[in-house]
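Enquirer: A predicted structure for the sequence below; I have some questions about it.
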Amino acid sequence: MPFSIFFFFFFFFFKMKSYIWLQTVDGSIQQVEEEVAMFCPMICQEVLQTGMGSSKNYAISLPQRVNPAILGLILDYCRFHQVPGHSNKERKTFDEKFIRMDTKKLCELTSAADSLQLKPLVDLTSRALARIIEGKTPEEIRETFHLPDDLTEEEKLEPLRNITDDPRIRLLNRLYARKRKELKERKKLKDVEVEEEPKDERSVEDLLSFINGADGDMKGTRTNKNKKKNRRRKDHAKDLSSKNENENDKDLNPLPSAYHNVYFDNALEASASKHSRMQNLPAISFSPKFEFIDGDVDDDLDPAMKEELDREVEDFARRLNSDWPERMQILSLGQDRRLVPISINSNGSTHLYTALAGNSISKVSGS
Amino acid sequence: MEQPPDTTTNLFDHLSKELLYTILDHLNDDPFARKSLSQSCKSFHALEATHRTSLKPRRLEFLLPKTLHRYRSISHLDLTLCPCVDDATLKSLSLAWHSSLRSIDLSKSRLFSHVGLSALAVNCTCLVEIDLSNRPDLTDLAAKAIAEAVNLERLCLGRCKGITDLGIGCVAVRCSRLRHVGLRWCIRVTDFGVGLIAIKCKEIRSLDLSYLPITEKCLHHILQLEHLEDLVLEHCLGIEDHGLATLQASCKSMKMLNLSKCQNIGHIGIASLTSGAHNLEKLILSSSLSVTTDLAKCLQSFPRLRSVKLDSCLGTKSGLKAIGNLGASLKELNLSKCVGVTDENLPFLVQTHKDLEKLDITCCHTITHASISSLTNSCLRITSLRMESCSLVSREGFLFIGRCQLLEELDVTDTEIDDQGLQSISRCTKLSCLKLGICLMITDDGLKHIASSCSKLKHLDLYRSSRITDEGIVAAALGCPSLEVVNIAYNNNITDTSLESFSKCQKLELLKSEGALVFHQRVSQILLPSVSISRCWT
């Protein structure tokens, strides 16, 4: 609004109260305070552009959708909101009371406010209509708004009521949810299995390095196989050490077939034991090198999910403080594994080294 | 005179189509409501179809010809719930929505190849956004097919490990309008491919090159991009200080730089990368380097710096103190798992950054209540405080937190907080996220304080807080009707009574109750269908 016009209105208002004349479609004319009427953009435009509204004979004609009753409501709204100084809370309270009316009147009010370009009121009423629709079934919506039931059966989708009311469908949804979580856990297990590979690879390298330095080709091949099995056996818990000793006794007098069977069983047992331990300790941390390899190999897991899982595993490990000593033990065992080739030629002070040396000597003698 | 009610008039006849669209927009938060409205009568069935612009089908069958025919104006298509999208499907939908489709997310789909992508790119001439993440089997043929979508502005190829410089080159040459490019874990893309992107796509705003085997050679071109705002170089181990020292270019438009896990970059490299970047607002250095006075001097050059992330860094005493002397006033600071944070330097930090809004001191094991007192005295505008596992903070330390009246997020998992602490915290009436996992000192009384004051709570975590019983849970459910996510896992004292109380929380989406003593049958009768119950057993 140009400043001069604003000044003019200010001066005029200061002098005397003025009115705007409005005419509804049924022909009735009424007189409205100017500041209230001007709150409607459509009326404001009309006054400024055409000069109408200054007297009963030059009343502004309102759109067809604005009837006298609805106009009364709109003017009540404008009277309240055009006054400066109301707090936001007061305005909100007024609005909530204002839209408490029957649905038909609410629809008429929305349409009228739209024709007068009264955007705040349109927003208020359209949200109110949306809230009426929320939570209703199609049948209820038809009844509330007097809509025709003209959809064909083909156009009607699965009735929504089944989704919420039928206990069988609800049960099915729960089963689906559980299945999805099982699949997710299966992915976690896959992670664990993948993480085993690097250790196996290192083990092979150690074997090759050791064999090349010690034995000939033919004997080396057989010894290689034996030593791999020996390493797996060492992963057993302490309570299996006596069993290892028994195995040693048997090995002193082996028949070829019995020999192979024994080692096959041991391999299976060792594998199961290792897997079980991995499941119990999902929070084992690896060096950055392994982290990179894991990231490279793991093609099935969504990276966002992977990062979230890593975070969860880390949090889980931190929360289970009591598992720390056990993890340290496993890490130390891992370190021992690296030192195995070196200790072959020395007399280890610990039981682990002694057992290893014994096994090694025994195997060499046997072959 | 009052007219008799006219029950044959359609009340919506009064409303124009634009008004009806407005009402539909207000129903966007409630998918059931839109569906109910579309099934109420023929005119609304058609209205909903013409108004809908985004689609996220739950199953691929929903994309059968019927759906393609019904929805004519789909702009955004999210297929993350449909893993079995194949070439034929891509061709069908590209023909159906050839003039409207602008954005498609295929990051969870596995069965399509470059053939489908080619159909998509050729038919949908308005396509501006594609997400093809998580397809390590895609090759340069796919990248070449994508390049035919010459109007692309946003492209995400995260973890597409089969794509090399050749494919990226095709994209760079033809899609010159690209603004947002994600190449995270595209580990066969090198300096050559990235350099081509920087040379050909001059409109680039954000670039994610995490885990790529790139060096400073491509950075020379990247830093000459005039509109670049976000640069992510997480775990780019080929970038080193002595290479960065030779950089001549500077990027004045940069606002965010992420150098997480770049162990080979120190303060010299950071100075080179950010020379001239006076608009820098966010710097992420997680798990990368030591926080020294030299690093702090680098950060002096950024008057608009608002957010610094130093989690999992090694902090020296003088370095962390020097962070307090920055010219800029920080709003967000992450010192999670940062070794070296103590009662000597943290109080100094928070006294000089009074505008701090978000602070993360998770696992800063050596700080005590003295730091918390200093924090709550200085930073009254704080909205997010994470101090999980700050085990040396005594009970009285938590009494200070109630001073921060604007607090919205609080994480005190695995701490010594007790009921008096919760009573103090209940003065923070704007709380929306509260994590109290493994808080062994809190009881129902403390939870009642929270329930009586923090009615806006949406996220409540009581994981393994073993002294909480049904009484506290019922109070929380009654006092916090807006709850969306609740975690009561491994709480042996919680029974069906708690679950019954949650049925009053209409917005509840996720309830974690592993190990809780609840029964399936009653759960199915009580809770809403949208609630996901994870691993619930008797």
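Expert: Right, received. Where do you want to start?
Enquirer: show me how the chain divides into domains.
Expert: In the absence of a named chain, chain A is used. By the assignment in automatic domain parsing, chain A contains the domains A:2-149, A:167-193+A:250-366.
Enquirer: try chain B instead
Expert: Using automatic domain parsing, chain B is parsed into the domains B:16-51, B:394-538.
Enquirer: same question for stretch A:35-53: list its buried residues.
Expert: Of the residues in stretch A:35-53, A:35-40, A:42-44, A:46-47, A:52-53 count as buried by neighbour count, 16 or more other CB atoms under 10 Å in any protein chain shown. Using the backbone N, CA and C atoms, a C-beta is placed for each residue, glycine as well.
Enquirer: return the most buried member of the domains of chain B.
Expert: The highest average neighbour count among the domains of chain B, using mean count of other CB atoms under 10 Å in any protein chain shown, belongs to domain B:394-538 at a mean of 19.
Enquirer: follow-up on the earlier one: relative to chain A, which of the domains of chain B is closest?
Expert: The closest approach between chain A and any of the domains of chain B, judged by CB to the nearest CB, belongs to domain B:16-51 at 3.6 Å.
Enquirer: what about the residue nearest to B:Q39 when sequence neighbours are not counted, how many residues close to it?
Expert: With CB to CB, 6 or more residues apart in numbering or on different chains as the measure, A:P138 is the residue that lies nearest to B:Q39, at 4.1 Å, once sequence neighbours are left out. The burial metric for A:P138, expressed as a neighbour count using other CB atoms under 10 Å in any protein chain shown, is 24.
Enquirer: dihedrals phi and psi, A:P138?
Expert: Taking degrees, to the nearest 10, you get phi -60, psi -40 for the backbone angles of A:P138.
Enquirer: thinking again about what came up before, hey, least reliable of the domains of chain A by pLDDT?
Expert: Looking at those, the lowest mean pLDDT belongs to domain A:167-193+A:250-366 (a mean of 46).
Enquirer: going by proximity to chain A, name the top residue of the stretch 151-300 of chain B.
Expert: Checked against chain A (CB to the nearest CB), the nearest residue in the stretch 151-300 of chain B is B:R159, 5.6 Å away.
Enquirer: oops, could you answer that again for the stretch 51-200 of chain B instead?
Expert: For the stretch 51-200 of chain B, the residue closest to chain A is B:P136, as judged by CB to the nearest CB, at 4.7 Å.
Enquirer: that residue: what secondary structure?
Expert: State at B:P136, reduced to three classes by DSSP: H, G, I helix; E, B strand; the rest coil: coil.
Enquirer: now whichever residue of the stretch 51-200 of chain A sits closest to chain B. Nearest residue, chain neighbours left out?
Expert: Per CB to the nearest CB, A:A130 is where the stretch 51-200 of chain A lies closest to chain B, at 3.6 Å. With CB to CB, 6+ apart as the measure, B:H26 is the residue that lies nearest to A:A130, at 3.6 Å, once sequence neighbours are left out.
Enquirer: pretty sure that neighbour is touching A:S126, no?
Expert: Yes. With contact defined as CB atoms under 8 Å, B:H26 reaches A:S126; the gap is 6.2 Å.
Enquirer: picking that back up, does the residue of the stretch 51-200 of chain B closest to chain A touch B:L157 like I think?
Expert: No. Between B:P136 and B:L157 there is no contact under CB under 8 Å: 10.6 Å.
Enquirer: those two: who's more crowded?
Expert: Just comparing B:P136 and B:L157: by other CB under 10 Å the higher neighbour count belongs to B:L157, 29 against 16.
Enquirer: my read is that that one contacts B:S133, right?
Expert: Yes. In this structure B:L157 lies within contact range of B:S133 using CB under 8 Å: 6.8 Å.
Enquirer: tell me the phi and psi of B:I104?
Expert: Its backbone dihedrals place B:I104 at phi -140, psi 140, with angles given as degrees, to the nearest 10.
Enquirer: that one touches B:A121, doesn't it?
Expert: No. Contact status for B:I104 versus B:A121: not in contact, 10.6 Å apart, counting by CB under 8 Å.
Enquirer: what do these two both touch?
Expert: Residues touching both B:I104 and B:A121 (CB atoms under 8 Å, 6 or more residues apart in numbering or on different chains) are B:L127.
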